[in-house]
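K.L.:
Below are the sequence and a predicted model; questions follow.
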Amino acid sequence: MNRLLSNIINLILVLTVGVALSSCTVSNASMGSSSPWSLIDLDTEANPLDIGFVDDKNGFLVGTDRLILETNDGGVSWKERNLDIPNEGNFRLISIDFKDQEGWIAGQPGLILHTSDGGENWTRLNLGNNLPGDPYLITTLDKDSAELATTAGAIYKTIDGGTNWEAIVVDTSGSGGIREMRRTKNGGYISVSSLGNFFSVLRSPNQETWEPHQRASSKRVQSVGEQPDGNLWMLSRGAEIRFNSDSDDIDSWSKPIIPIVNGYNYQDLVWDPSDSIWAAGGNGTLLVSNDDGKTWEQDPIGDLAPTNFIRILFVDNKNIEQPKGFVFGERGNLLRWIG
């Protein structure tokens, strides 16, 4: 009787999983034979979070635990750089951006650094106590001009080197507080709410209030970003990838794609210079698709990096001659694109 009951339960579980997966595309990604990435040991336990380049050779890397590193060889090697950051407190430097010689760093709690000479000298700015949320994303616009987005969904702009900041977004309630935010190519923003239960958009730089949208399924949203054609992509719990193909209908999503079932969620998705799609996630998960997401392959370098990959970045800078890409891993792990 017990064996019969056990068999019935197992059959129910199999049928349940089968029904759940029938609405998904599972590709069971195989392992690739080579990798376009090289592993860099940053000799730190801190997590690298962002990279900004002044030109083809010179750039900066920032991260948790007050991490600031500098490169003079295009990102092949990195060395520590000391800047004017208070000794007390565990600062998390989360965003850096350059346009020509003009550069900005945003950190938490309440830290902004500014340079106008390519990072030779940095000035620490005082944001005061009235800023809603903590700095999250900084974008260099022009000389002495930048946009700052915060964890509360507020967005500010300065045109005088950070002395004064003007609020661009009047009502931040539609953001739900953010767990992640990205700036779009046209100057708008996409954010995921702190609980991952919805995402919000600012379609253009002139939009003053967030426009909330429901998630594509009952699973919480990990991340939402922009495809090269301006449409959106979404990563959800359960290692699900979705694409939007109608810019006029943001809530129209494809069936979920699950490249591999290994129990780890994906944290980021990006297109490389040859338009291949890369997805990164926990336990060294690094996947690539060369056919617009239809099939996927595992990158073998993930087995050499005992870390969770949290972000992929291809640097967009007109002063850079060769494509530069990086995969950020926890505990000082970094991958560099070698193509």
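P.N.:
On my side now, so go ahead. Numbers count the residues shown, from 1 in each chain.
K.L.:
which residue sits closest to Pro259 in space, ignoring its chain neighbours?
P.N.:
Nearest non-adjacent residue to Pro259, counting by Cβ to Cβ, 6 or more residues apart in numbering: Trp296, 3.6 Å away. C-beta: built from backbone N, CA, C; applies to glycine.
K.L.:
got it, and Tyr264?
P.N.:
Gly282 (3.4 Å).
K.L.:
Isn't the one you found up against Asn308?
P.N.:
Yes - with contacts counted by Cβ atoms under 8 Å, Gly282 reaches Asn308, the gap being 4.5 Å.
K.L.:
anything in contact with each of these two?
P.N.:
Tyr264, Gln267 (Cβ atoms under 8 Å, 6 or more residues apart in numbering).
K.L.:
Which one's more surrounded, the two?
P.N.:
Asn308 (20 against 17; other Cβ atoms under 10 Å).
K.L.:
Identify the residues contacting the more buried one.
P.N.:
Contacts for Asn308 (Cβ under 8 Å, 6+ apart) come out as Tyr264, Gln267, Gly281, Gly282, Asn283, Gly284, Gly329, Glu330.
K.L.:
So what touches stretch 154-164?
P.N.:
112, 114, 116, 123, 125, 131-133, 141, 144-150, 165-169, 172, 189, 202.
K.L.:
Can I have the buried ones of those as a PyMOL selection?
P.N.:
Here is the PyMOL selection string for the buried members of the contacts of stretch 154-164, based on 16 or more other Cβ atoms under 10 Å:
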select buried, resi 112+114+116+125+131+133+141+145+146+147+148+149+150+165+168+169+172+189+202
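K.L.:
Narrow the contacts of stretch 154-164 to those in strands?
P.N.:
112, 114, 123, 125, 141, 145-150, 166-167, 189, 202 (DSSP state E).
K.L.:
can you name the two of these that are farthest apart?
P.N.:
With Cβ to Cβ as the measure, no two of these lie farther apart than Thr123 and Leu202, at 28.8 Å.
K.L.:
For the residue nearest to Glu297 when sequence neighbours are not counted, give me its contacts.
P.N.:
Residue nearest to Glu297 in three dimensions, not counting chain neighbours: Gly32, with 4.6 Å by Cβ to Cβ, 6+ apart. Contacts for Gly32 (Cβ under 8 Å, 6+ apart) come out as Val288, Glu297, Gln298, Asp299, Pro300.
K.L.:
what's the closest of those residues to Arg237?
P.N.:
Distances from Arg237 to the contacts of Gly32, taken by Cβ to Cβ, are shortest for Gln298, at 20.2 Å.
K.L.:
Enumerate every residue touching that closest one.
P.N.:
Here Gln298 is in contact with Ala29, Ser30, Met31, Gly32, Ile260, Thr285, Leu286, Leu287 (Cβ under 8 Å, 6+ apart).
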